[in-house]
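Visitor: below is the sequence, then the predicted model.
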Amino acid sequence: MTSDLRKLAAARRAQMDGIFIPTPRTREAHEQFHFLMDHSAVSTSDKLCVLLVAPSQSGKSKVIETFADEMNTAEKLGQRQIPVLHVTLHAEVTRKGLAQDILIALQRFGFETGPMKGSEPEMWERVYRYLRAGAVQLLVLDEVHHVKTTTSAMARSVGECIKHALLEGPCPIVLSGIYSAELPFRANEQLQLRAVPSIDLRKFRSDIPNDLDLFIEFLAAYLVRLEELGIATNATAVIEGDCPTCILSVSDGVLGAACRLLKEAVVCMTLDGRDDLRRSDLIKATNEAFIRPGLIDQNPFTSGFANIRRGKMDV
C-alpha cells in the first residue's frame, strides 16, 4: 500500500460519509417535525412532542441534521434565530445534565448561557429564557436514551422533566434515540398525552416485499451517487444478482450498517489500486468489518457467485 492509495481511500470514504439519501421514512419524519412547528405556531395550549426511535446506525441523526440544515438558513442564523436546536446528549446524563447540554448547544450559536452555573431549577429557567431569545421553534434532544432511567421512578421523573419543558418552554420537542428512549413515555401517561404518534425507523426485513423494495431503492440511489462522485466506476453493478439481499443480510436491515459495508468495500478496492468495485471487495469488507468483530458469523457473499453478471461486476 502506497501513501497515495491510502490518502485516496481516506478521501473516498470521507466523500461517502457526506452522502445522504432520503427515504419515505425520512420524509415522514420531516413532515412530523413540520407539523409540531405548525401546531405550536397556532395553538394556545400546550406544545407537543414526538419520539423518533430506531436501532443504532439507522440514520436518526442524519434525519435530524438534514432537517435542521434546511430550517436553519444563513439569513435566520444571521438574525440570531435558531429555528431548530439540535442537542446531542452525553452519556449517563441527569436531569440537570440535560439542561446543561441544551445550554451548551445554545452557546455554539453565540449565546452566553453559563451552562455550569446554578441549581437544576435555575438551569431550566435559563434554558427557557435562551430558547426564547434564540427564537427556537423546535428543540431536538438526540441520544435521549443516555438520560438515566434505570428505575421506573427515574424514568417517570425524566418524563416529568420533558413534560415541564413542554409546559414552560417556548417550543415543541423531538426526542430521538434507540428503543430504550421509550421508557420515560411508558412511565408517564401525561407525557404520552402530549405526544403525537412516534416515528419508528425500524430495520428493513427481507421477508416483507415492500421493505426489500425500499431497501433496493435506497441502495440504487446510493450507488448512483458513488458513480456521480467518481468514487467507483461501476458502483451500480452492486444492484445486480444476489448482492442486495447479501447486503441486507450483513447489515441486518440497518441502512447505516449497509453504508458502512459499502464504505469498507470501497476502501478495499482503492487500496488494491482499482476504481472498479468487485464482489471480492464486498467479501473482504464483510469479513473485516462484520465477521471479525463478531457482529455476524457467516458471510453471505461467499456463495452464489454465478448470480453476478460478468462484465458488470468482476468477481
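Guide: Cool, got the structure. Worth saying up front: this structure is predicted, and the values here are computed from it rather than measured. Numbers count the residues shown, from 1 in each chain.
Visitor: toward the C-terminus from the helix or strand of the chain with the lowest mean pLDDT, list the very next helix or strand.
Guide: Least confident helix or strand of the chain, by mean pLDDT, DSSP states H and E, is helix 183-186 with a mean of 83. Using DSSP states H and E, the helix or strand that follows helix 183-186 towards the C-terminus is helix 189-192.
Visitor: ok, then the element right after that next one?
Guide: Using DSSP H and E, the helix or strand that follows helix 189-192 towards the C-terminus is strand 199-200.
Visitor: could you double-check that residue 24 lies in contact with residue 211?
Guide: No. Applying Cβ atoms under 8 Å, one finds residue 24 not in contact with residue 211, separated by 11.1 Å. For every residue, glycine as well, the C-beta is placed using N, CA and C.
Visitor: of these two, who's got more company?
Guide: Per other Cβ atoms under 10 Å, whichever of residue 24 and residue 211 has more neighbours is residue 211, with 16 against 11.
Visitor: so what's that one up against?
Guide: Residue 211 is in contact with 204-205, 253, counting by Cβ atoms under 8 Å, 6 or more residues apart in numbering.
Visitor: re earlier: may I see the buried residues of the least confident helix or strand of the chain?
Guide: Within helix 183-186, the residues that count as buried by 16 or more other Cβ atoms under 10 Å are 183-185.
Visitor: could you pull out the helices for the stretch 1-150 of the chain?
Guide: Counting by DSSP state H, counting those that start in this stretch, the stretch 1-150 of the chain has helices at residues 3-17, 24-42, 60-71, 74-78, 95-107, 120-133.
Visitor: mind putting those into a markdown table with mean pLDDT and distance to residue 249?
Guide: Shown next, in a markdown table, are the helices of the stretch 1-150 of the chain (pLDDT from 0 to 100; distance: least, Cβ to Cβ, whole Å):
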| stretch | mean pLDDT | distance to residue 249 |
| --- | --- | --- |
| helix 3-17 | 95 | 21 |
| helix 24-42 | 94 | 20 |
| helix 60-71 | 93 | 22 |
| helix 74-78 | 95 | 43 |
| helix 95-107 | 93 | 37 |
| helix 120-133 | 95 | 44 |
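Visitor: possible to save these as CSV with distance to residue 246?
Guide: Shown next, in CSV, are the helices of the stretch 1-150 of the chain (distance: least, Cβ to Cβ, whole Å):
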stretch, distance to residue 246
helix 3-17, 19
helix 24-42, 22
helix 60-71, 24
helix 74-78, 43
helix 95-107, 40
helix 120-133, 47
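Visitor: looking at those helices, which is nearest to residue 154?
Guide: Minimum separation from residue 154 across the helices of the stretch 1-150 of the chain (Cβ to Cβ) falls at helix 95-107, 9.2 Å.
Visitor: show me what contacts residue 165?
Guide: So residue 165 contacts 124, 127-128, 139, 173 (Cβ under 8 Å, 6+ apart).
Visitor: likewise for residue 220?
Guide: For residue 220, the contact set (Cβ under 8 Å, 6+ apart) comprises 236, 239.
Visitor: one step back: any idea which of the helices of the stretch 1-150 of the chain is most buried?
Guide: Highest mean neighbour count of the helices of the stretch 1-150 of the chain: helix 95-107, a mean of 21 (counted as mean count of other Cβ atoms under 10 Å).
Visitor: quick one: contacts of that one?
Guide: Contact with helix 95-107 is made by 82, 85-90, 93, 113-116, 119-120, 123-124, 126-127, 130-131, 134, 139, 141, 147, 157-158, 161, as judged by Cβ under 8 Å, 6+ apart.
Visitor: pull out the buried members of these.
Guide: Judged by 16+ other Cβ under 10 Å, buried ones among the contacts of helix 95-107: 82, 85-89, 93, 113, 115, 123-124, 126-127, 130-131, 134, 139, 141, 147, 157-158, 161.
Visitor: show me those residues that map onto strands.
Guide: Using DSSP state E, the members of those that fall in strands are 85-88, 139, 141.
Visitor: and these, which is closest to residue 109?
Guide: Here the nearest of these to residue 109, counting by Cβ to Cβ, is residue 85; it sits at 8.0 Å.
Visitor: contacts only, for the closest one.
Guide: Going by Cβ under 8 Å, 6+ apart, residue 85 touches 102, 105-106, 109, 131, 134, 136, 138-140.
Visitor: would a markdown table of those residues with distance to residue 276 be doable?
Guide: Converted to a markdown table, those look like this (distance: Cβ to Cβ, whole Å):
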| residue | distance to residue 276 |
| --- | --- |
| 102 | 48 |
| 105 | 43 |
| 106 | 48 |
| 109 | 45 |
| 131 | 51 |
| 134 | 49 |
| 136 | 48 |
| 138 | 44 |
| 139 | 46 |
| 140 | 40 |
